[in-house]
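>>> Next one to model:
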Amino acid sequence: MSGLHPSAQRVQALLRAAGHSGEVVEFAETTRTSAEAAAAIGCDVAQIAKSLIFRARPSDRPVLVIASGRNRVNEKLVVQQLVAKGLGEGLARADADFVRDKTGFAIGGVAPIGHATPPIIFIDRDLLGYPGIWAAAGTPHAVFQLTPEELVRMTGGEVIAVL
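Here you go, the predicted structure:
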């Protein structure tokens, strides 16, 4: 673990604290996009659990949508979920500064856990169709494997349709 980037080390420690026995894996090549991660790992792009950060409006609360790498998130469905939770908010794209400030991670390496500001979390129900999935581990070169059930348990996220 000591050879890992400090952000990846932090994710590894969080995984251990959550009772997850998997290891963070770092690649020389980038895993910034779902396609790059799937190519580096050797899995289907749909098995990549991509972490997308949005900005709830007007509160500026972070909203994390963990989506299958194959899916494009329908932001209107996410807004409907926010409204259903009584938040009655809109949604805006988050810029790199907002992402780093609210998560502690750079875009392309946002892990689903360990955020500086706890986000509202939604998980793409399509991820539940795979026995194993892969998520970013703090840097654009680091990932870890887990089951969809572990993702739900570790994040406390609500499973929804994102498209």
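>>> helix, strand or coil for Leu64?
What DSSP: H, G, I helix; E, B strand; the rest coil gives for Leu64 is strand.
>>> is it true that it touches His115?
Yes. Counting by CB atoms under 8 Å, Leu64 touches His115, with 7.2 Å between them. Using the backbone N, CA and C atoms, a C-beta is placed for each residue, glycine as well.
>>> Now the common contact residues for the two.
In terms of CB atoms under 8 Å, 6 or more residues apart in numbering, Leu64 and His115 are both contacted by the residues Thr103.
>>> Give me the mean pLDDT for stretch 107-125.
When pLDDT is averaged over stretch 107-125, the result is 97.
>>> Could I get the full set of helices for the protein?
6-17, 34-41, 75-84, 96-103, 148-155 (DSSP state H).
>>> Can you pull out the low-pLDDT segments for the chain?
Applying pLDDT under 70 to the chain flags residues 1-2.
>>> can you point me to the longest strand in it?
strand 48-57 (DSSP state E).
>>> now the angle between helix 75-84 and that one, please.
60 degrees (axes from the mean of the first three to the mean of the last three CA atoms, to 10 degrees).
>>> Work out the gap between strand 48-57 and the centre of the chain.
7 Å (CA atoms, centre = their mean, to the nearest Å).
>>> got it, and stretch 119-133?
Distance, centroid of stretch 119-133 to centroid of chain: 9 Å (CA atoms, centre = their mean).
>>> Check which residues of that stretch are buried.
Neighbour-count burial for stretch 119-133, counted by 16 or more other CB atoms under 10 Å, picks out Pro119, Ile120, Ile121, Phe122, Ile123, Asp124, Arg125, Asp126, Leu127, Tyr130, Ile133.
>>> show me the contacts for Thr117.
Contacts of Thr117 (CB under 8 Å, 6+ apart): Arg61, Pro62, Asp101, Lys102, Thr103.
>>> The fourth one and Gly114 touch, don't they?
Meaning Lys102. No. Between Lys102 and Gly114 there is no contact under CB under 8 Å: 11.8 Å.
>>> sorry, back to before: and the contacts of Thr117 as JSON lines, adding distance to Ala38?
Putting those into JSON lines (distance: CB to CB, whole Å) gives the following:
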{"residue": "Arg61", "distance to Ala38": "30"}
{"residue": "Pro62", "distance to Ala38": "26"}
{"residue": "Asp101", "distance to Ala38": "29"}
{"residue": "Lys102", "distance to Ala38": "26"}
{"residue": "Thr103", "distance to Ala38": "22"}
